[in-house]
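J.: Here is my input; please provide its structure:
(chains A, B, C and D)
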2 protein chains.
Amino acid sequence: MTHNAAEDPPTEPPPTRREQILGAAAELFARYGFHGVGIDDIGAAVGVSGPALYRHFRSKDAMLGEMLTGISEKLLHGGNARIAGAGTPEHALESLVHWHVEFALTNSALITVHLRDLDSLSEPDRHRVRELQRRYVEVWVRALIEARPGLDEPTARAATHAVLGLINSTPYSARLDTTAMTTLLHRMAMGALDSEPTRRA
Amino acid sequence: MTHNAAEDPPTEPPPTRREQILGAAAELFARYGFHGVGIDDIGAAVGVSGPALYRHFRSKDAMLGEMLTGISEKLLHGGNARIAGAGTPEHALESLVHWHVEFALTNSALITVHLRDLDSLSEPDRHRVRELQRRYVEVWVRALIEARPGLDEPTARAATHAVLGLINSTPYSARLDTTAMTTLLHRMAMGALDSEPTRRA
DNA sequence: CAGGGGTGTTAATGATCGTTAACCGACTCT
DNA sequence: AGAGTCGGTTAACGATCATTAACACCCCTG
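T.: Residues are numbered from 1 along each chain as shown, chains lettered A, B, ... in the order given. Got it, this is the predicted structure:
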């Protein structure tokens, strides 16, 4: 035994099956909710029936865990990357909006699951995901405060949640074509953020 | 038997127990999801244990059904009322925003359940709720088009979903105090709607 | 060709949980 | 006092469903 062989190999080229299963599961979870989907349903969706999935995942909860930690990490890293490569604070903010809009439009099923089934996670996974979320929001809050000096932190945090809610509304929406939807959401998000929330009426 | 005595008496002054149960159930559903809450949990939350609830509701699904049709009707009727009592189209829109913000802040648990557990409903309830939702959105779409002439209907519908998403983000948000939150959400919603989504860049 | 890892299959197992049964005290109305 | 309804209790019942057992291939390497 060369220590533990199949634990967490980050340099591993992802095969296909796991991801195929996760994709199908995401669609199903998005439509029916985590508890509304049986292990057999997921199996059927990828052409195998029932407990075959246990060859690929330790449990049903593990699927959800991997799915949600995956999306949360992608969001956080993407956000950080956008911030890093931006010149002005205003540009950074715009970049974040663009990133999140694109992400939400591309991964609407994951967004839905993320909003909906977070607390079907096991304790440790839930904490991990919440921590990643928190850090992602923090990226937004910092960017927002830099771009709108004088904005206090609690307000910035609330405004961030609101804008993310706006963008994440995408799964509920009767979709326009992707490019129209992208510009619409982008414009509305910036409009919401431009509403000078720092000044009194 | 004087026909059916306890069916649908709309003129009835609501007692207390059903509503108490619905309130507790709403909080629990919001926190743990419909399937994540047992009948015993709901009972415990109101001080009785277990199947006592069946003296008040036909089933667990019936609770969810009543909860969600209730909220949907309140939203629709409130929306219609605001529209009716408004002078200018701009004022009507503003009135809708105010109404929804207030509602979401006052009933954040219901909003959460509404977004999350819609498809745990029985077929007929689900259709009823979706129909009410559709009509509520229609109220917004009409108001929006009147206030922003030249806006095409699909875009107006998408914009409506986005604004509702913004306002409904309230449950996820680290709440400011209610009045600050109200003005912030109101301002951001109007800002999003003012972002002249009809013009090209 | 022996054999072992990876991937499926179907049939038990066991827990959870909504729902019902059977039973009971309290309060009202006559 | 007595009958009935209302709201509650605890103990079965039954279904659903994740998980595991036991068994069967395929394929690749030695």
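
J.: Now for the closest residue to A:Ala92 other than its chain neighbours: which residues touch it?
T.: In this structure, A:Ala92 finds its nearest non-sequential neighbour in A:Ala86, 3.7 Å apart by C-beta to C-beta, 6 or more residues apart in numbering or on different chains. Placement of C-beta: from N, CA and C, glycine included. When contacts are counted by C-beta atoms under 8 Å, 6 or more residues apart in numbering or on different chains, A:Ala86 touches A:Ala92, A:Glu94, A:Ser95.

J.: low pLDDT regions in chain A?
T.: Along chain A, the parts satisfying pLDDT under 70 run over A:1-15, A:196-201.

J.: Residues of it that sit close to DNA strand C?
T.: A:Pro15, A:Arg17, A:Gly43, A:Val48, A:Ser49, A:Gly50, A:Pro51, A:Ala52, A:Arg55, A:His56 (C-beta under 7 Å from any atom of the strand).

J.: Reformat these into JSON lines and put distance to B:Glu131 next to each item.
T.: Output for these, formatted as JSON lines (distance: C-beta to C-beta, whole Å):
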{"residue": "A:Pro15", "distance to B:Glu131": "45"}
{"residue": "A:Arg17", "distance to B:Glu131": "41"}
{"residue": "A:Gly43", "distance to B:Glu131": "34"}
{"residue": "A:Val48", "distance to B:Glu131": "38"}
{"residue": "A:Ser49", "distance to B:Glu131": "36"}
{"residue": "A:Gly50", "distance to B:Glu131": "37"}
{"residue": "A:Pro51", "distance to B:Glu131": "40"}
{"residue": "A:Ala52", "distance to B:Glu131": "40"}
{"residue": "A:Arg55", "distance to B:Glu131": "44"}
{"residue": "A:His56", "distance to B:Glu131": "41"}
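
J.: what about burial for these, which qualify?
T.: Neighbour counting by 16 or more other C-beta atoms under 10 Å in any protein chain shown classes A:Gly43, A:Val48, A:His56 among the residues of chain A next to DNA strand C as buried.

J.: hmm, who's touching the helix or strand hosting the first one?
T.: The one in question is A:Gly43. Assessed by DSSP states H and E, A:Gly43 sits inside helix A:39-45. The contact list for helix A:39-45 (C-beta under 8 Å, 6+ apart) reads A:21, A:24-25, A:27-28, A:32, A:49-53, A:60, A:63.

J.: Let me have these in a markdown table, extended by secondary structure.
T.: Listed next are those as a markdown table, based on DSSP: H, G, I helix; E, B strand; the rest coil:
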| residue | secondary structure |
| --- | --- |
| A:Ile21 | helix |
| A:Ala24 | helix |
| A:Ala25 | helix |
| A:Glu27 | helix |
| A:Leu28 | helix |
| A:Tyr32 | helix |
| A:Ser49 | coil |
| A:Gly50 | coil |
| A:Pro51 | helix |
| A:Ala52 | helix |
| A:Leu53 | helix |
| A:Lys60 | helix |
| A:Met63 | helix |
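
J.: need the residues of chain A near DNA strand D, please.
T.: Contacts of chain A with DNA strand D, taken as C-beta under 7 Å from any atom of the strand, map to A:His35, A:Val37, A:Gly38, A:Ile39, A:Asp40, A:Gly50, A:Pro51, A:Tyr54, A:Ser59, A:Lys60, A:Asp61.

J.: From those residues, keep the buried residues only.
T.: Counted by 16+ other C-beta under 10 Å, those give A:Val37, A:Ile39, A:Lys60 as buried.

J.: Skipping adjacent residues, who's closest to the last one in space?
T.: Counting by C-beta to C-beta, 6+ apart, A:Ile39 is the residue found nearest to A:Lys60 once chain neighbours are left out, at 5.8 Å.

J.: ok, now how distant is that neighbour from B:Gly36?
T.: Applying C-beta to C-beta, to the nearest Å, the value for A:Ile39 to B:Gly36 is 18 Å.

J.: ok, now A:Thr16?
T.: Taking C-beta to C-beta, one finds A:Thr16 at 32 Å from B:Gly36.
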